Every structure is written in C-alpha cells, then in structure tokens.
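# Could you work out the structure for the sequence below:
(one chain, ligands or ions: 1)
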Amino acid sequence: MAGRDDLDVIVIGAGLSGLVCATRLVAGGARVRVLEARDRVGGRLLGVAAGDGVFDLGGQWWTAGQARLAALADELGVARVRQFRDGGSILAVEPAGPPRSLPGRLFDALARGRRLAALSRMIARAGAGDAPAAWDRDSLGAWLEREVPDVGLRTHVAVHCEMTFAADPHELSLLDYLTQLGATGGHGDPFDGNTGDEHRFVPGAHALPARLAAALGDRVTLATAVRAVDDTGAGVQVVTDTATLRASHVVLALPPAAARTIAVSPALPAAVTAAVTATRPGPVVKCVAVYDRAFWRDDGRSGEAYLRPGLVRATVDACTPDGVPALAAFIVAAGAAAWSDASSPAVVAADLARLYGAAAASPTAFAFHDWGCDAWSHGCVAGLPPGARSAGAAWRGPHGRIHVAGTEAAERWPGFMEGAIDAAERTAAAILAG
Ligand SMILES: Cc1cc2nc3c(=O)[nH]c(=O)nc-3n(C[C@H](O)[C@H](O)[C@H](O)COP(=O)(O)OP(=O)(O)OC[C@H]3O[C@@H](n4cnc5c(N)ncnc54)[C@H](O)[C@@H]3O)c2cc1C
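Numbers count the residues shown, from 1 in each chain. Have a look, this model is predicted:
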C-alpha cells in the first residue's frame, strides 16, 4: 500500500463509524490516522454531566435486531440495561385533546392495524426496489392527507416520522421514509406497549467511542478539521489547517451534510454530490431534567409520553442505572429549529409539569444539546426530500481512493449506531481486501 513513512488510511471523523472503521483496519495490519474536528470523540454520541449523573444527550438506545451494536458493546465490555417503561404512558396527539392514557386509544387498533399492514406492504416494495417513481415525488405528509382518512393514524405516523427523522412528514419523500423503514426492520410502532426491546448502555452510549478511542491511542488526533481531500490517483492528500497528510486511502466517516465543508478533488460523482446537497439533517434538541425523586414512577407512570403539537414531542425515563432520577425530553423539527437557549428550557419544564405534575417544573439540574446548531453534526438523522431519490442521490462509495462510511452510508439501520458500525466494517473490509 503506502510508502515506508506514509499512512495506509486516513479516517475523517471520530464518531462511532470512524472509530470502528479505524479499529478494524488496525486489526488488519493497516497504519491508520483518525482526524476529528472537535476536541472530543463520539460525534452524535455525547455524555453530559448534570446533577449527580452523566446522561446521553445524543444516541442512546439499542433495540432487538441490532446485532453489530450488541457485539461491539460486548467486545468493549459495555453492559446494557433495559429501558424503564413500566407503568402508564401518555399519548396526547390530538390537537386540542388532554393527555390520554394508552388503553384509551385501543378501540382504534383494529382499523389502524389494517392500514399499518398496507404500509408494511409498501415498505416491502420500496425495499425490493419495486416502488413506483411517484412515491418519491410525493411527500409522506401529502400521501397521508390523501390516502389515510383516519386522523388518529395520520397523526400516529406523523409522530413516528418526527421521532425517527426529526422531520415534518411534508419535508420527507414518501419513498425515502418507506425505504429507510425497510432497512430498519419495518414500521416500528412506538405506541405498541412495553415490548422490552429497548436497552441503554452503562454508563452510556458515549462509552463506546470513548473505549474505542482509548485503544487507538495516539492514532486519533482531535481538534483537527479536514478542509480538503485530493485523490491524486497514486494516493490521497488530506489537508487540515496546519498540515497536509498523505495516505493510500481516505474514509469520509461523517454525515453527508458535514461533507459540504470539505473540498474534494476530483469532484465526487453526481449521485454523491446530489446526496450531500439534498440531504436534510433533522433538527433535534435533546434535554435532560434531573430531580431529587422519580415522582412519575411513584405515580405509576413510565415517564414515556408522545405529544403533538407543543414544544416537547416526547419524554422518556432517563434515571441513571445507579439511581439519579431524570426525565429526557425531545424537541424536533420546527420546534427544534426555533429553539432558544435562553427561553426554551422554561417552556420544556412547563410542558413536563403539565404531563407529570408541579414537581416536574423545578428540576435540580437541566442540560440540553441543540444538534441542529451543532457545527459538526448539522442535525440528528438525515432524510431526503421529495424527488431526491429518483434524481439519483446516493451517499455511497468507494470513489477511487475515497471511501464513504458513517451511518448514512449503511445498508442496514442507516441513521442508527448499528448503521454506523455496518458502514464502518464494510468499508474497512473493502480497504483491507484491496
Ligand atoms: C439526539 C439523538 C438521538 C439519537 N438516538 C439514537 C438511538 O437511540 N439509537 C441509535 O442507534 N442511534 C441514535 N442516534 C443516531 C446515532 O447517534 C448516530 O447514528 C451515530 O452516532 C452516527 O455515528 P457516525 O460515526 O456515523 O457519525 P457522527 O457521530 O456524526 O460522527 C462524525 C464525526 O465526524 C466529525 N467531523 C465532521 N466534519 C469533520 C471534518 N471536516 N473534519 C474532521 N472531522 C469532522 C464530527 O465532529 C463527528 O465526530 C441519535 C442521534 C441523536 C443526535
């Protein structure tokens, strides 16, 4: 591969994908350097101290079917703990309706089941590449208004879209929604009761990149943003603010929106450029409110709520495994885009009090991260607007010596930690295979 003093591979981005990719490359005997723009590793996995706990303000859950993530956690000695979902949940998705308990919604279940089955058949067609082009020209929102008369189900799918893609259904291509659901195990229903599938990590998902980086040691360089990548044919040159590094291959282990800030030469193929341009990273603000007591548990509540409209669209129990009581709250799409660091936390506390009583209005500590305003993430999960897929947008590689990893490049579970590992391991294997 490289000359005696050169690197084999430069990986851009020390998120989960870049770090897994580097780890597998090193295991295969490659000389690797990881360049990370921030002064920390983990990217969209972030642990933040609040009160007496450390909380995930980025990615958090493992669910059944995510085999690579489970294997990686086992490999790194990171334990999993079941997400607390015992007790009553709140589903308040009607415009003017008061919060209602889950059982109150069950009379609709049969009719909705038939509609959801139809949606599942569409997901299968999208996954098989057998979808009409019109599905891409349609937005999910327009399709719901036209084809789904049941207001409850329409709202139900809209909430699912908001929580999965941090997007209003009108912003997403119907085909992109169906295809991404197909790659993540179908139409996961967030209101189907306590499945027990969701697990968190101890001490948090941020432990995964932290342990990978510790093992990679000085192969990881922080606070080093890559500005340009040049594939010379004989190798690659990677330009930072202070140096030009050379290697045989480079891996872009970052979200498509982050690639907008890197000058790539020769230009990437039109499909990749289209994906970089069209991708819509979903704005999300994730908050954690810490309390002295888990009063919602005392009241027989799970801490889980889905709401529409309002600033807070979802809450979950976020008590740490060692017992620091906390609730997490999610603000997505337009609410996140309009987030104000100065005034929005008070609105979140008021929403929590409306759901869980006056005690929720006064957390002992409060922390949040605004992912839409994060200069290196640009948002949470990437979706495509109507028309982008049929215009050929595809965030995939390799292109000469330039490889594409990051969760958005995954074949399975794009947008999730599982997808970050899928893309990383596939990319590392391809480079090692030559
Ligand atoms: C609020 C939130 C909740 C989520 N919940 C879940 C969940 O429960 N379960 C789940 O599986 N997933 C969840 N996710 C998604 C999950 O966090 C991501 O899929 C995963 O962390 C992506 O990893 P990645 O390495 O592909 O990308 P990233 O983590 O984005 O890593 C890319 C890295 O590249 C760096 N970078 C960018 N530009 C440059 C540059 N020019 N030069 C050098 N470095 C650069 C960035 O700083 C970053 O560190 C959530 C995400 C968010 C934000």
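
# Checking Glu304 next. Helix, strand or coil?
strand (DSSP: H, G, I helix; E, B strand; the rest coil).

# So it sits against Thr315, correct?
Yes: counting by C-beta atoms under 8 Å, Glu304 touches Thr315, with 6.7 Å between them. In this view, the C-beta of every residue, glycine as well, is placed from N, C-alpha and C.

# Which one's more surrounded, those two?
For Glu304 versus Thr315, neighbours defined as other C-beta atoms under 10 Å are more numerous around Thr315 (28 against 24).

# For Val151, report the pLDDT, please.
Val151 carries a pLDDT value of 77.

# State the distance from it to Leu144.
10 Å (C-beta to C-beta, to the nearest Å).

# Who has more neighbours out of those two?
Ranked by neighbour count (other C-beta under 10 Å), Val151 and Leu144 place Leu144 first, with 23 against 12.

# Now do the top strand by length along the chain: distance to the chain's middle.
Criterion DSSP state E: the longest strand present in the chain is strand 244-252. Taking the mean of its C-alpha atoms, strand 244-252 sits 26 Å from the chain's own mean (C-alpha atoms, centre = their mean, to the nearest Å).

# Show me what secondary structure element comes after that strand.
helix 256-259 (DSSP states H and E).

# longest helix of this structure?
Longest helix in the chain by number of residues (criterion: DSSP state H): helix 109-127.

# any weak-confidence spans in this structure?
Applying pLDDT under 70 to the chain flags residues 1-5, 93-113, 185-196.

# Once you drop chain neighbours, what's closest to Thr320?
Sequence neighbours aside, Gly53 is the residue nearest to Thr320 in space, at 4.3 Å (criterion: C-beta to C-beta, 6 or more residues apart in numbering).

# Near the one you found, how many other residues are there?
So Gly53, with other C-beta under 10 Å, has 23 neighbours.

# same thing with Gly397?
The burial count for Gly397: 21, using other C-beta under 10 Å.

# Name the nearest residue to it, ignoring sequence neighbours.
Nearest one to Gly397, counting by C-beta to C-beta, 6+ apart, is Val404 at 3.2 Å.

# Provide a list of residues in contact with that neighbour.
Counting by C-beta atoms under 8 Å, 6 or more residues apart in numbering, Val404 touches 251-252, 272, 395-398, 423, 427.

# In ChimeraX, how would I select the buried members of those residues?
Under the burial definition 16 or more other C-beta atoms under 10 Å, those of those that qualify are selected in ChimeraX by:
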select :251,252,272,395,396,397,423,427
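
# Helix, strand, or coil at Ala329?
Under three-state DSSP, Ala329 comes out as strand.

# How about the contacts made by it?
286-289, 312, 314-315, 348, 351-352.

# mind redoing it with 10 Å?
Counting by C-beta atoms under 10 Å, 6 or more residues apart in numbering, Ala329 touches 285-289, 305, 307, 311-316, 318, 345, 348-349, 351-352, 355, 360, 366, 368.

# cool, and Cys373?
283, 285, 336-337, 339, 341, 379.

# Just the closest of those to Arg211, please.
When the contacts of Cys373 are compared for distance to Arg211 (C-beta to C-beta), Gly379 wins out at 26.0 Å.

# quick one: the helices in the stretch 1-150 of the chain?
16-27, 67-76, 109-127, 134-137, 140-147 (DSSP state H, counting those that start in this stretch).

# Enumerate the positions of the longest one that are buried.
Of the residues in helix 109-127, those scored as buried under the neighbour-count criterion (16+ other C-beta under 10 Å) are 112, 115-116, 119, 122-123, 125-127.

# Provide a list of residues in contact with the closest residue to Arg125 other than its chain neighbours.
Closest residue to Arg125 apart from its sequence neighbours, by C-beta to C-beta, 6+ apart: Ala131 at 5.2 Å. Residues in contact with Ala131 (C-beta under 10 Å, 6+ apart) are 122-125, 174-175, 178-179, 182, 389-390.

# Kindly recompute the last result at 7 Å.
125, 175, 178 (C-beta atoms under 7 Å, 6 or more residues apart in numbering).

# Same question for Val26.
32, 216.

# Kindly recompute the last result at 10 Å.
So Val26 contacts 8-9, 32, 215-217, 219, 428 (C-beta under 10 Å, 6+ apart).

# how far does stretch 336-344 stretch from start to finish?
10 Å (C-alpha to C-alpha, to the nearest Å).

# Identify the residues contacting it?
166, 282-287, 311-313, 330-331, 335, 345-348, 368, 370-373, 379-380.

# Which entries in the residues you listed are shared with the contacts of the ligand?
Filtering the contacts of stretch 336-344 for proximity to the ligand (criterion: C-beta under 6 Å from any ligand atom) leaves 284, 286, 371, 380.

# Mind putting those residues into CSV with secondary structure?
Supplementary listing: those in CSV, determined by three-state DSSP:
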residue, secondary structure
Val284, strand
Lys286, strand
Trp371, helix
Cys380, coil
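
# nearest to Ala207, of these?
Lys286 (17.4 Å).

# tally of neighbours for the spatially closest residue to the closest one that is not a sequence neighbour?
Distances taken as C-beta to C-beta, 6+ apart place Leu57 nearest to Lys286, at 4.9 Å, with adjacent residues excluded. Using other C-beta under 10 Å, Leu57 has 26 other residues around it.

# Run a quick neighbour tally on the closest residue to Ala67 other than its chain neighbours.
Nearest residue to Ala67 in three dimensions, chain neighbours excluded: Glu418, at 7.8 Å (C-beta to C-beta, 6+ apart). Around Glu418 there are 25 other residues, counting by other C-beta under 10 Å.

# got it, and the one 4 residues further on?
Asp422: 26 surrounding residues under other C-beta under 10 Å.

# Report whether whatever helix or strand it lives in contacts the ligand.
Taking DSSP H and E as the definition, Asp422 sits inside helix 417-432. Yes: Helix 417-432 lies within reach of the ligand by C-beta under 6 Å from any ligand atom, at 417-420.
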